[in-house]
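Engineer: Build the 3D model from these lines:
(one chain, ligands or ions: 1)
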Amino acid sequence: MSEICSTCGLPKELCVCETIAKEDQLIGVTTEKRKFGKQYTIITGIDTKDIDMDQLCKKLKNKLACGGTVKGGKIELQGNHKQKVRDALISAGFAPETIVVR
Ligand SMILES: [Zn+2]
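Structural biologist: A predicted model of the protein is given here:
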């Protein structure tokens, strides 16, 4: 007898609930070009209930030596920090496998 998942009612080996939950928690890093050719690094998918966004933004700004703001549950950093932002997030306590740099 296989165990049944209490969330979806499927046998545990067919259950994808955990996978879905993990994918929901993925942190996305993208860059965006705005007016005057300015580049921004946008960080999305951070759980604003668990994370103090202002604190995290401050940490990232220090680490990357750039300006930035928290806007609508996203962190926007000035400049293109694609290469370094992953390390900065990891040192802020995020798991490497949850960070997706696009
Ligand atoms: Zn399930």
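Engineer: Give me the most central residue, the chain.
Structural biologist: residue 27 (2.0 Å; Cα atoms, centre = their mean).
Engineer: separation between that residue and residue 71?
Structural biologist: As judged by Cβ to Cβ, to the nearest Å, residue 27 and residue 71 stand 16 Å apart. Where you see a C-beta, it was placed from the backbone N, CA and C, and this is true even at glycine.
Engineer: Likewise for residue 2?
Structural biologist: Taking Cβ to Cβ, one finds residue 2 at 46 Å from residue 71.
Engineer: buried sites along the helix ranked longest in the chain?
Structural biologist: Secondary structure of the chain per DSSP state H: the longest helix is helix 53-64. Across helix 53-64, burial judged by 16 or more other Cβ atoms under 10 Å covers 53, 56, 57, 59, 60, 61, 63, 64.
Engineer: ok, then the element right after that helix?
Structural biologist: Per DSSP states H and E, the first helix or strand lying C-terminal to helix 53-64 is strand 68-71.
Engineer: Near the ion, which residues of this structure are found?
Structural biologist: Proximity of the chain to the ion (Cβ under 5 Å from the ion) is limited to residues 5, 7, 8, 15, 17.
Engineer: I'd like those as CSV, with pLDDT and secondary structure appended.
Structural biologist: Output for these, formatted as CSV (pLDDT from 0 to 100; DSSP: H, G, I helix; E, B strand; the rest coil):
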residue, pLDDT, secondary structure
5, 90, coil
7, 86, coil
8, 89, coil
15, 88, coil
17, 81, helix
